[in-house]
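> Okay, here's the prediction I keep looking at, along with the sequence it came from:
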Amino acid sequence: MDKEIIQRYFLQIGRSYYTTDEFRRTFRFIPTSRFGLGFLSVFAVSDYVSIETYKPGSSGDGALCLTLTGPRSYLLIERGRRTNSGTKIEVILREPMKSGAMTDLVKGWCKRVEFPVVVTELGTEATIVAERSEEFVYEIPIVTETRSRFAVRSFPVNRPGIEGDLYIFSVFREKGESWADWLWAKHRYPKEHPEAIEPKFPSRLVCINGISVSTDYWPFGPMVERIDYRREVEHLNLSRQPFWGRPGSGSRDPVISSRWEEILKSHLAETPLARGEECWIYKQRLVALFPLPGFWDEQPEMVRLYQEGIKRLMSLNEIKQESLITTIIWGEKRRPIYDTDKLFLTEYDIEKLSDEYRVAIFDGRWVDNVRCLKSGHLAIDWSLGKAEYRLETIKNKKIDIVCLPDLPIIGFPIHKITDAVYRHLLLNKDHPFIKWLLEVYNIYDEVKYDIGPQQFDTLTDLLFTPLHHGGHEFEQLEKYLNEWRNLPGMPEDLKPPHINKNMFCDPSRATGISNSKLWCNRGKLSMRLDKNWQYVIAK
């Protein structure tokens, strides 16, 4: 530095020489300095800083020396003793550091600095060099499987202005290379054999000009990036923490995402697991582990559907273009499904879908018909567009309302359509209780008769458990409804009708907490009361 740089930039809070046109004309590298505040951090730990600096060709300034005792207290000495170009800074700390602390700090910061950094600390010298991909890649046998092995593979970023590598955790078996077994290897494999240990996987690292700005110290797998930006980085805040996504989510930087897509596309073309009738199951396992929505939307053969007895493997984009799709539930898995020419998914296929795909397929669809097939299965038709009958609760729970004539049930759960824990609910539009619930839904925002959003939300919460579990915890709902009826001034049409436990059924359970079972019989919805073994056939 020369005198002008010191006075105009170095000693001015919020001004950085590295953002000036002069610097950009003279130098081509991207500096780490940006906000003009970084050097001030030394005064958090020190009251005495000395600086020697020399900039050749600086209009006769020569070597300069500064002594700083605070952000605004300094003594400028015209003649320093430095003879070579550069800057030396000495900081006297208020508190002593533990032995080795400085070396550890520099090691943590200088992950990908292109030149060696020599740290001399209390007579001990350490040389810190940039990391290499060879430090992280390996292959080891799987002790519980013959001719199988774990591997960590590295792929160069191959993007201008970004250095580093992307890492994949892989499992090699006779059937092909899998990138979907990280969770098994991390959690289940170590419990299967005394010699089985959790495989190592590198943590995520983001550097700017070789200096670490973001590190996750826990291996999330199976994809991680250790990268170094050598270009301008957008949205970097004062704490030097970049904006990119959560640990293990992959980078939100579209440049890095595009490289991940290249790597995945190559893997899908090479591994046998991504070919054949069951290839879609392997791909669905990858969707959650490699969060790249745009990439997965257009990939072929991602979901198995059926139409007129013929299997079809379709992409998500193709499914989104279908105005109506059908899901088939209940019935025997091996029993052939007939009596429908609609494009449909079976309950088994839906269970194999990733949460991301399940949401994408059913988002924006609503149930417009429920019907029984002669094969004994229940068909649920999903249409695009705004729902004709749908209940949206305060907590953003969406429940479809359908017509189930002559059945004394309030509703029942079907397969999941979101990433929530619970299955989706269908309510019986013809049931007196649901008719009453809709009346309350239409007036609760007016806060009449002490009924407002909070009360309606509590009501739906209490309704959820017995609906999902065949009447379980029905007593708590019943007690709440009794108190509702006794609210002062409550008009008769807003008092809930009486219900009983047999109005809740869980089609997935033949016995247990459910008092009744709903199924298809001869193309009609039927109910069996387990207690008395009585059959009621819907007309």
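The structure has been received and is ready for your questions.
> Show me the shaky parts of the stretch 251-400 of the chain.
251-252, 331-336, 338-339, 393-396 (pLDDT under 70).
> Please repeat the previous calculation with a cut-off of 90.
Across the stretch 251-400 of the chain, residues meeting the criterion (pLDDT under 90) sit at 251-254, 288, 291-294, 307-310, 328-342, 347-348, 363-364, 368-379, 385-400.
> And for the stretch 1-150 of the chain?
1-51, 53, 55-87, 96-97, 99, 114, 121-124.
> Recalculate using a threshold of 50.
Applying pLDDT under 50 to the stretch 1-150 of the chain picks out no residues at all.
> now the helices for it?
Secondary structure of the stretch 1-150 of the chain (DSSP state H, counting those that start in this stretch): helices located at 3-5, 21-26, 101-109.
> In the second one, which residues are buried?
Going back to what we said before, that points to helix 21-26. Phe23 (16 or more other Cβ atoms under 10 Å). Backbone N, C-alpha and C define where each C-beta goes, glycine included.
> Send me it as PDB with only the CA atoms.
Extracted in PDB, the C-alpha atoms of helix 21-26 (Å, rounded to 0.1, in the frame of the first residue of the first chain):
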ATOM      1  CA  ASP A  21     -11.800   0.900 -10.900                       C
ATOM      2  CA  GLU A  22      -8.100   1.500 -10.300                       C
ATOM      3  CA  PHE A  23      -7.800  -1.900  -8.800                       C
ATOM      4  CA  ARG A  24      -9.800  -3.600 -11.500                       C
ATOM      5  CA  ARG A  25      -7.700  -2.000 -14.200                       C
ATOM      6  CA  THR A  26      -4.400  -3.100 -12.500                       C
END
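> Distance from stretch 181-198 to the middle of the chain?
23 Å (Cα atoms, centre = their mean, to the nearest Å).
> before we move on, the earlier item: out of the helices of the stretch 1-150 of the chain, which is closest to Arg94?
helix 101-109 (14.7 Å; Cβ to Cβ).
> Tell me the helices and strands packed up against the closest one.
Contact here means 3 or more Cβ pairs under 8 Å, 6 or more residues apart in numbering; DSSP states H and E; on that basis helix 101-109 packs against strand 117-121, strand 124-128, strand 211-215.
> circling back: okay, the helices of the stretch 1-150 of the chain in a markdown table with distance to Ile162 next?
As requested, those are arranged in a markdown table below (distance: least, Cβ to Cβ, whole Å):
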| stretch | distance to Ile162 |
| --- | --- |
| helix 3-5 | 30 |
| helix 21-26 | 20 |
| helix 101-109 | 19 |
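> Am I right that Pro496 is in contact with Glu439?
No. Counting by Cβ atoms under 8 Å, Pro496 stays clear of Glu439, with 9.8 Å between them.
> Who has more neighbours out of these two?
Remark: of Pro496 and Glu439, Pro496 carries more neighbours, 20 against 13, as counted by other Cβ atoms under 10 Å.
> residues in contact with that one?
433, 436, 481, 484-485 (Cβ atoms under 8 Å, 6 or more residues apart in numbering).
> For it, give me phi and psi.
The phi and psi values for Pro496, taken as degrees, to the nearest 10, are phi -70, psi 140.
> With adjacent residues omitted, what lies nearest to it?
Nearest residue to Pro496 in three dimensions, chain neighbours excluded: Leu481, at 4.7 Å (Cβ to Cβ, 6 or more residues apart in numbering).
> In terms of helices and strands, where is that neighbour?
Assessed by DSSP states H and E, Leu481 sits inside helix 474-485.
> Check which helices and strands that helix sits against.
helix 453-468.
> got the buried residues for the helix it packs on?
455-456, 459-468.
> what does stretch 424-440 give?
Buried-residue list, stretch 424-440, by 16+ other Cβ under 10 Å: 424-431, 433-434, 436-437, 440.
> same check, this time on stretch 131-148
Applying 16+ other Cβ under 10 Å to stretch 131-148 flags 131, 133, 136, 142 as buried.
> Show me which of those is closest to Val303.
Looking across the buried residues of stretch 131-148 and measuring by Cβ to Cβ, the closest to Val303 is Ile142, at 30.5 Å.
> circling back: what is the neighbour count of the residue nearest to Pro496?
Neighbours of Leu481 using other Cβ under 10 Å come to 19.
> That one and Gln455: what is the separation?
12 Å (Cβ to Cβ, to the nearest Å).
> Just the mean pLDDT for the helix or strand encompassing Leu166, thanks.
In this assignment (DSSP H and E), Leu166 forms part of strand 162-173. For strand 162-173, the mean per-residue pLDDT is 96.
> buried stuff in it?
So for strand 162-173, counting by 16+ other Cβ under 10 Å, buried means 162-172.
> Am I right that Leu264 is in a helix?
Yes. Leu264 forms part of a helix when assessed by DSSP: H, G, I helix; E, B strand; the rest coil.
> Just list the residues touching it, thanks.
286, 290, 292, 295.
> Can you verify my assumption that the third one contacts Ser258?
No. With contacts defined as Cβ under 8 Å, Leu292 does not count as touching Ser258, sitting 9.3 Å away.
> Which one of those two is surrounded by more residues?
Leu292 (17 against 14).
> starting at the chain centroid, how far to stretch 278-291?
15 Å.
> about what we covered before: any figure for the gap between the residue nearest to Pro496 and Met490?
12 Å.
> go on, Glu52?
85 Å.
> repeat for Val171
From Val171 to Met490 the distance is 62 Å (Cβ to Cβ).
> Look at Leu376 and give its secondary structure.
Small correction: residue 376 is Gly, not Leu. Assignment for Gly376 (three-state DSSP): coil.
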